[in-house]
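> need a 3D model of the sequence below.
(one chain, ligands or ions: 2)
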Amino acid sequence: MSEIDDASGGFAERYGSRAEGVWSAPGRVNLIGEHTDYNDGFVLPFAIDRRTAVALGDRDDRVIRVASTIESDAAEVALDALTPDAVDGWAAYPLGVAWAPGEFGAGLSGVGGVDLAIASTVPIGAGLSSSAAIVCAVALALDEHWRLGFDRPTLAKVGRLAENRAAGAPTGIMDQMAALSGEAEHAVFLDCRRLEADLVPLGFEAAGLSLLVIDTRVAHEHAANGYAERRASCEAGARTLGVESLREVRVDDLPRAQALLDDESFRRVRHVVTENRRVLDTVRALREHGPSAIGPFLDASHASLRDDFEVSVPELDLAVATAQANGAIGARMTGGGFGGAAIALMIDPLVPVVAREVAAAFAEQGYREPTVFTVRPSEGARRDL
Ligand code: ADP
Ligand code: MG
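Ligands and ions are numbered 1, 2, ... in the order given. Purely as a prediction, here's the structure:
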């Protein structure tokens with residue numbers, strides 16, 4: 001059963017009628033460009049072959065109901081009572097998406113209520129952005145059902161606003177843009193300042209390569225604080241350097257930055273500045289030489305996140321080091337850090353070897369058994385039924 005079938009089946013079971021349509025959006029893996037999105041920089045995520053689907057049905061009043069296969073609590077709210085603070089918990093994601101279009105000029109006074117049923121194959125909280133998958137699936141569904149006529153970059157902003165204001169999660173725009181603009185076998189090269197998305201061919205399949213995700217299943221309590229602190233350091237660094245965002249700082253400017261900043265702030269800045277460079281280098285390498293050439297950038301990204309930005313954890317470091325030691329082309333933590341997943345690029349036959357060695361290394365350290373699976377670069381949000 002796919003998430004699409006589960007959403008439409010779940011809809012029929014819960015609401016006792018057939019859904020009018022099913023829309024879905026994928027999770028994403030960020031190939032490279034970590035903690036650069038909120039610095040107006042560059043990122044290179046791709047949409048994966050795990051999706052969140054939403055089945056939608058019309059109502060003749062102005063109530064929205066929402067249910068999910070992974071949550072026992074359903075939620076219900078009148079459209080006229082919908083504010084970003086109207087609901088708590090998981091339902092803040094989909095219901096925030098029903099509220100947010102009004103902030104982008106949509107007139108919602110004439111629209112009807114809806115029933116929504118959600119199902120997903122995106123792992124939750126593994127750094128694969130199940131949150132963007134759910135908000136983007138709902139955003140696309142409501143956009144079409146309510147005939148809002150928003151383009152995809154605007155839908156991405158709607159999704160981000162729902163995450164930021166309704167769910168209280170301070171994300172940048174990368175996840176939503178990846179979920180909305182991905183294509184099979186392509187990455188989304190995103191300039192987070194211009195919000196321009198360029199598709200870059202990945203060619204993993206043609207080159208006989210697989211991308212392995214190693215979910216450490218570590219979720220640190222201080223992830224939210226850590227993220228907020230890193231954002232604050234970046235903003236403070238930009239202020240000291242007299243620029244609007246760290247996007248404007250070049251690798252050549254780093255000696256000047258070092259002279260002006262304390263050691264920790266400098267290392268935070270150096271990560272962002274060199275990471276932006278690595279994204280550009282990766283895009284060029286993909287275009288000129290193909291995916292086998294990007295390993296050194298992935299490895300360097302991990303070292304920078306570990307040593308300069310200090311958002312890795314021992315489990316991520318071990319996953320990366322074990323993949324590298326067993327022949328991966330490149331490996332790095334992905335997502336915000338403080339737990340979550342690592343990715344490793346390798347030739348297809350190495351997948352079982354690296355999976356086994358990582359599991360063994362984790363067992364030896366007494367770490368929780370990681371979840372390991374491959375992902376394929378896939379299509380972004382779409383209507384399925
Ligand atoms: P991730 O890295 O997966 O995006 P987040 O903490 O940002 O982790 O988002 C996960 C949260 O999003 C869940 O705790 C839940 O509130 C919500 N969510 C994501 N997918 C679903 C789903 N299929 N059904 C219900 N809630 C979901
Ligand atoms: Mg998220």
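> all helices for the stretch 101-250 of the chain, in order.
Under the criterion DSSP state H, counting those that start in this stretch, the stretch 101-250 of the chain contains helices at 130-145, 152-161, 174-181, 223-241.
> as JSON lines, the ones you listed with distance to residue 350 would be great.
No exception for glycine: its C-beta is placed from N, CA and C like everyone else's. Supplementary listing: the helices of the stretch 101-250 of the chain in JSON lines, determined by distance: least, Cβ to Cβ, whole Å:
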{"stretch": "helix 130-145", "distance to residue 350": "27"}
{"stretch": "helix 152-161", "distance to residue 350": "35"}
{"stretch": "helix 174-181", "distance to residue 350": "26"}
{"stretch": "helix 223-241", "distance to residue 350": "30"}
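> of all those, which lies closest to residue 380?
Of all the helices of the stretch 101-250 of the chain, the one in closest proximity to residue 380, counting by Cβ to Cβ, is helix 174-181 (5.2 Å).
> which residues of this protein lie near ligand 2?
By Cβ under 5 Å from the ion, the part of the chain that sits against ligand 2 consists of 129, 131.
> just the strands in the chain please.
When assigned using DSSP state E, the strands of the chain occupy the ranges 21-32, 42-58, 63-68, 75-78, 114-120, 186-191, 196-201, 209-219, 330-334, 339-347, 371-375, 382-383.
> dihedrals phi and psi, residue 121?
When read as degrees, to the nearest 10, the backbone of residue 121 gives phi -120, psi 10.
> re earlier: to residue 152, which of the strands of the chain lies closest?
strand 196-201 (8.1 Å).
> before we move on, back to that, got CSV for the strands of the chain, with distance to residue 226 too?
Written out in CSV, the entries for the strands of the chain read as follows (distance: least, Cβ to Cβ, whole Å):
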stretch, distance to residue 226
strand 21-32, 17
strand 42-58, 19
strand 63-68, 28
strand 75-78, 29
strand 114-120, 26
strand 186-191, 23
strand 196-201, 28
strand 209-219, 12
strand 330-334, 13
strand 339-347, 10
strand 371-375, 22
strand 382-383, 34
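> same list (the ones you listed) but as JSON lines, adding mean pLDDT and distance to residue 228.
As requested, the strands of the chain are exported to JSON lines (pLDDT from 0 to 100; distance: least, Cβ to Cβ, whole Å):
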{"stretch": "strand 21-32", "mean pLDDT": "98", "distance to residue 228": "19"}
{"stretch": "strand 42-58", "mean pLDDT": "98", "distance to residue 228": "19"}
{"stretch": "strand 63-68", "mean pLDDT": "98", "distance to residue 228": "27"}
{"stretch": "strand 75-78", "mean pLDDT": "97", "distance to residue 228": "27"}
{"stretch": "strand 114-120", "mean pLDDT": "98", "distance to residue 228": "27"}
{"stretch": "strand 186-191", "mean pLDDT": "98", "distance to residue 228": "22"}
{"stretch": "strand 196-201", "mean pLDDT": "95", "distance to residue 228": "27"}
{"stretch": "strand 209-219", "mean pLDDT": "95", "distance to residue 228": "16"}
{"stretch": "strand 330-334", "mean pLDDT": "97", "distance to residue 228": "19"}
{"stretch": "strand 339-347", "mean pLDDT": "96", "distance to residue 228": "16"}
{"stretch": "strand 371-375", "mean pLDDT": "97", "distance to residue 228": "27"}
{"stretch": "strand 382-383", "mean pLDDT": "98", "distance to residue 228": "34"}
